[in-house]
Every structure is written in C-alpha cells, then in structure tokens.
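In: dropping the sequence and predicted coords here.
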Amino acid sequence: FLQASKSGADAILNAIIPNIKNGDMLLDLFSGVGIYSFYLADKAKYISAYEIAPEMIKSMEENITRHNLQNKISAYCRNIDTSPLSQNELSKYNVAIINPPRTGALKQVSTLATAGIEKIIIVSCNSQTFARDAKILHENGYELKTLSAIDQFYYSHHLEQVGVFVNTDSISKAN
C-alpha cells in the first residue's frame with residue numbers, strides 16, 4: 001500500500017517524524033510496504049512491521065536485506081483484524097503507528113488502548129472510524145496531542161487524518 005500522492009505521503013511523514021525519539025521501540029501496524037518503517041529506521045531502536053498482504057511483506061523483506069536493516073526492522077505477515085497483537089506482544093513497544101483500512105482497527109485499538117504504550121499514532125482515511133478509535137483511546141487515558149488533516153485525495157471529499165495520542169499515565173510519570 002502506498003499513499004495516493006507524494007505530497008500526501010510527505011505530509012503524513014512530517015506529522016509522524018517529530019513524534020519519534022531516538023531509541024524508540026516502534027510498532028508499524030498495517031504497514032503496507034513499510035514506508036514509515038524505512039523512514040524511521042535511523043531514529044528508532046527497533047521496528048516491527050505487521051501487514052496482511054504477503055506480497056507487501058516480501059517486498060519489505062527484500063528492501064530490509066537490500067539496505068542492510070535486518071538489525072533494525074522485522075516484517076511479519078499477520079491479519080491484525082482477526083488476530084490483533086496481544087498486550088503481552090505489545091509490552092516491548094513504546095510507540096505504535098497504525099494505518100488501518102477504511103474500516104478502522106477496532107480490535108487492535110482496543111488492545112492498544114490498555115497496553116500502556118506511551119504514544120499511538122493513527123493514520124486514517126476514514127473520519128468516522130478515526131473518531132471511533134480515538135474515543136476508545138481517550139476513554140483509556142490517551143490525550144490527543146496533535147491532529148493533522150491532509151488533503152491527498154484530489155477531487156474528493158476524503159481527508160487523511162494523522163492523530164498523535166499520548167498516554168496520560170506516561171506524561172505524569174515523566175514529570
């Protein structure tokens with residue numbers, strides 16, 4: 001999966017990158033061919049990317065090898081809709097980026113919301129499922145830090161949203 005336009009992809013990355021710290025343990029859910037993972041490989045300590053489409057994982061694995069990133073990125077083929085990562089699997093990450101299909105990621109967001117991850121970034125092309133998923137995060141102690149609306153679907157009413165949610169428990173621990 002690729003974004004609809006280069007300017008749209010750049011705008012999404014510009015909304016994500018400032019929220020990633022050096023040394024973050026990063027989770028890239030619904031990763032497609034790994035655009036976010038590859039852009040963030042220099043900053044993150046380690047990235048695990050999950051995608052349902054085997055051909056996208058194959059492409060990602062080829063690029064991981066080509067760019068000698070085997071110690072930075074791993075790609076996994078998994079249907080996050082039917083088999084979301086468990087709290088135990090999520091426990092080693094402090095940041096999750098999730099770019100679900102138009103239907104959203106209800107099961108995975110519900111698990112993410114209670115896993116204690118410091119920061120969750122949702123990239124969504126559907127404002128209704130974004131609002132539903134954001135509400136779940138809010139109800140579980142996450143605060144919407146930033147929200148970007150990106151018009152990359154020319155000649156349509158659709159907007160891409162990038163919401164950065166911060167776990168209020170991790171904010172209070174840091175202060």
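Out: Nice, thanks for sending it over. Numbers count the residues shown, from 1 in each chain.
In: could you pull out the strands for this structure?
Out: Using DSSP state E, the strands found in the chain span residues 25-29, 46-51, 73-77, 95-98, 119-124, 142-150, 160-167.
In: what does the shortest one rub up against?
Out: Same thing as strand 95-98. With C-beta atoms under 8 Å, 6 or more residues apart in numbering as the contact definition, strand 95-98 has outside contacts at 16, 19-20, 24-30, 36, 44, 90, 105, 108-109, 112, 117-123. (Each C-beta comes from the backbone N, C-alpha and C, glycine too.)
In: can you rerun that using 6 Å?
Out: Here strand 95-98 makes contact (C-beta atoms under 6 Å, 6 or more residues apart in numbering) with 24, 26-29, 36, 105, 112, 117, 119-122.
In: cool, stretch 8-15 as well?
Out: Residues contacting stretch 8-15 (C-beta under 6 Å, 6+ apart): 3, 39, 123, 148, 150, 152, 162.
In: contact partners for the fourth one?
Out: If you count contacts by C-beta under 6 Å, 6+ apart, S148 has them with 15, 162.
In: one more: the third one?
Out: Under the criterion of C-beta under 6 Å, 6+ apart, the contact list for V123 reads 12, 99, 162.
In: before we move on, what about the second one?
Out: Y39 sits next to L13 when contact means C-beta under 6 Å, 6+ apart.
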